[in-house]
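**Student:** I'd like to go over a predicted model; first the sequence, then the structure.
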Amino acid sequence: MVLKFEKSFIIPMFVIISLVITCASQVVSGRSMHEPSIVAKHEQWMAQHGRTYKDELEKAMRLKIFKQNLEYIEKANKEGNRTYKLGTNEFSDLTNEEFRASYTGYNRPVPSLSRQSSRPSTFKYQNVTDVPTSIDWRKKGAVTHIKNQGNCGSCWAFSAVAAVEGITQITGGKLIELSEQQLVDCSTDNNGCSGGLMDKAFEYIIENKGLATEADYPYQQEQGTCDEQKEKAAAATIGKYEDLPKGDEHALLQAVTKQPVSVCVEASGQAFRFYERGVLNAECGNNCDHGVAVVGFGTAEEEDGANYWLIKNSWGETWGESGYIRILRDEGLCGIATEASYPVAM
């Protein structure tokens with residue numbers, strides 16, 4: 001049996017049946033991409049994070065990205081030899097490119113534009129030998145609450161401020177929340193929400209003779225005009241800063257023994273982005289794109305005795321371990337010792 005159309009175009013019945021079967025399989029496949037459980041999870045995620053879309057077309061696109069990210073998370077969590085778990089978070093409907101453009105912001109230094117054009121071979125803490133098995137500067141009162149840079153590439157400012165807040169408390173006995181917004185607005189050697197460097201932030205603080213408090217110069221998640229009156233209301237300052245030898249995790253260990261340290265990491269990979277808990281031991285690259293602060297180190301007995309760095313991030317308290325991440329130590333993961341530096345008190 002055949003079907004006849006105009007111009008004697010003839011389609012054998014077995015071809016018709018084959019097409020019907022193919023279309024049916026594609027419908028089933030399409031449904032699997034948007035199966036009720038995925039749709040429900042996306043809707044639940046949207047409600048949790050207050051996410052809305054301009055129309056159904058954008059919603060369908062974001063659902064597809066959400067599904068791809070969720071599949072990566074579930075696959076990674078099933079693999080062996082993992083000392084960490086991943087989970088969905090506020091970044092789960094973004095592509096890697098979108099995430100990198102909006103939520104990182106560390107600009108790798110150009111030697112000719114930096115006062116300290118090469119990493120030093122000596123540093124203040126190089127003779128420190130009394131390194132404890134663990135230290136947590138939070139417990140010593142030298143770390144302020146987790147902050148959120150939002151959709152602004154100002155991680156460099158949060159990293160630098162965390163280090164300055166730390167050394168201010170250690171040397172002065174008082175923990176003061178300092179202003180990232182002042183750096184975003186006034187540190188002209190940096191690029192505000194388009195990225196920057198912690199060292200250039202330290203240089204600005206030295207030249208300006210200090211930073212205002214967060215209360216006096218609050219964060220806005222965007223770059224504005226420098227408020228010169230607030231800029232001069234310094235609540236804390238530093239005398240200088242020092243860089244650590246490039247890639248030297250032992251030097252970093254010595255420094256963190258004495259104070260929180262600004263570092264850069266490669267944070268745009270999926271393992272870092274969707275980190276939820278544990279000690280991250282994934283290959284995350286060493287091309288720095290995000291500034292954070294190391295505020296401690298230790299050994300995780302519950303994670304096969306893994307040695308870790310304790311890192312304060314600036315993506316809010318809902319990310320990671322209440323805003324923190326632990327990264328496997330002594331393996332060079334995420335480029336953590338690539339560009340480490342710390343402020344020195346007056």
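**Tutor:** Perfect, thanks for sending it.
**Student:** Convert the C-alpha atoms of the strand or helix carrying E98 to CSV, please.
**Tutor:** Element membership for E98 (DSSP states H and E) is helix 96-103. C-alpha atoms of helix 96-103 as CSV (Å, rounded to 0.1, in the frame of the first residue of the first chain):
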residue,chain,number,x,y,z
ASN,A,96,29.9,29.2,32.7
GLU,A,97,30.5,32.2,30.5
GLU,A,98,27.7,34.2,32.1
PHE,A,99,28.9,33.2,35.6
ARG,A,100,32.5,34.2,34.9
ALA,A,101,31.5,37.6,33.4
SER,A,102,29.3,38.6,36.4
TYR,A,103,30.5,36.9,39.6
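**Student:** and it, what does it pack onto?
**Tutor:** For helix 96-103, the helices and strands in contact under the criterion 3 or more C-beta pairs under 8 Å, 6 or more residues apart in numbering; DSSP states H and E are helix 270-273. All C-beta spots, glycine's among them, are computed from the backbone N, C-alpha and C.
**Student:** per-domain residue ranges of this structure.
**Tutor:** Domain ranges of the chain: 2-78, 84-344, per automatic domain parsing.
**Student:** Return the most buried member of those.
**Tutor:** domain 84-344 (a mean of 20; mean count of other C-beta atoms under 10 Å).
**Student:** Let me see the contact set for the residue nearest in space to the middle of the chain.
**Tutor:** Nearest residue to the geometric centre of the chain (C-alpha atoms, centre = their mean): A267, 5.0 Å. By C-beta atoms under 8 Å, 6 or more residues apart in numbering, the contact list for A267 reads 104, 273, 284, 289-290, 292, 334.
**Student:** now, which of these sits nearest Y72?
**Tutor:** Nearest to Y72 among these is R273, at 9.8 Å by C-beta to C-beta.
**Student:** Find the residue closest to that closest one in space, skipping its chain neighbours.
**Tutor:** In space, and not counting its chain neighbours, R273 is closest to F91: 5.6 Å by C-beta to C-beta, 6 or more residues apart in numbering.
**Student:** and if you look at Q270?
**Tutor:** Distance criterion C-beta to C-beta, 6+ apart; nearest residue to Q270, sequence neighbours excluded, is Y72 at 5.4 Å.
**Student:** relative to helix 96-103, how tilted is the longest strand anywhere in the chain?
**Tutor:** Scanning the chain for the strand with the most residues, using DSSP state E, yields strand 290-300. In terms of direction (axes from the mean of the first three to the mean of the last three C-alpha atoms, to 10 degrees), strand 290-300 departs from helix 96-103 by 100 degrees.
**Student:** for strand 290-300, packing partners?
**Tutor:** Counting contacts by 3+ C-beta pairs under 8 Å, 6+ apart, strand 290-300 is packed against strand 135-136, helix 155-172, helix 249-256, strand 261-265, strand 306-312.
**Student:** So what are the sheet partners of that strand and their directions?
**Tutor:** Note on strand 290-300: by DSSP bridges, its sheet partners are strand 135-136 (antiparallel), strand 261-265 (antiparallel), strand 306-312 (antiparallel).
**Student:** before we move on, the earlier item: how distant is the helix holding E98 from the center of its chain?
**Tutor:** In terms of C-alpha atoms, centre = their mean, to the nearest Å, the centre of helix 96-103 is set 10 Å apart from its chain centre.
**Student:** is it true that Q223 touches V184?
**Tutor:** Yes - using C-beta atoms under 8 Å, Q223 makes contact with V184 at a distance of 5.3 Å.
**Student:** Overlap in contacts, those two.
**Tutor:** The contact sets of Q223 and V184 overlap at 152, 192-193 (C-beta under 8 Å, 6+ apart).
**Student:** for the residues you listed, which one is nearest S322?
**Tutor:** The closest of the shared contacts of Q223 and V184, once distances to S322 are taken by C-beta to C-beta, is C152, at 21.4 Å.
**Student:** how much space between that closest one and I38?
**Tutor:** 31 Å (C-beta to C-beta, to the nearest Å).
**Student:** Report the secondary structure state of G278.
**Tutor:** strand (DSSP: H, G, I helix; E, B strand; the rest coil).
**Student:** what sits against it?
**Tutor:** G278 sits next to 82-85, 300, 303, 326 when contact means C-beta under 8 Å, 6+ apart.
**Student:** returning to what we had before: please tabulate the shared contacts of Q223 and V184 in CSV, including the columns pLDDT.
**Tutor:** Output for the shared contacts of Q223 and V184, formatted as CSV (pLDDT from 0 to 100):
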residue, pLDDT
C152, 96
G192, 96
C193, 96
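**Student:** Which one of these is nearest to N307?
**Tutor:** Closest to N307, out of all of the shared contacts of Q223 and V184 and judged by C-beta to C-beta, is C152, at 33.1 Å.
**Student:** isn't the closest one right up against T104?
**Tutor:** No - with contact defined as C-beta under 8 Å, C152 does not reach T104; the gap is 10.5 Å.
**Student:** Assign K75 to helix, strand or coil.
**Tutor:** Following three-state DSSP, we place K75 in the helix state.
**Student:** Any stretches of the stretch 101-250 of the chain with poor pLDDT?
**Tutor:** Residue ranges of the stretch 101-250 of the chain with pLDDT under 70: 109-119.
**Student:** hey, where'd the helices end up in it?
**Tutor:** Using DSSP state H, counting those that start in this stretch, the helices of the stretch 101-250 of the chain run over 155-172, 180-186, 198-208, 228-231, 249-256.
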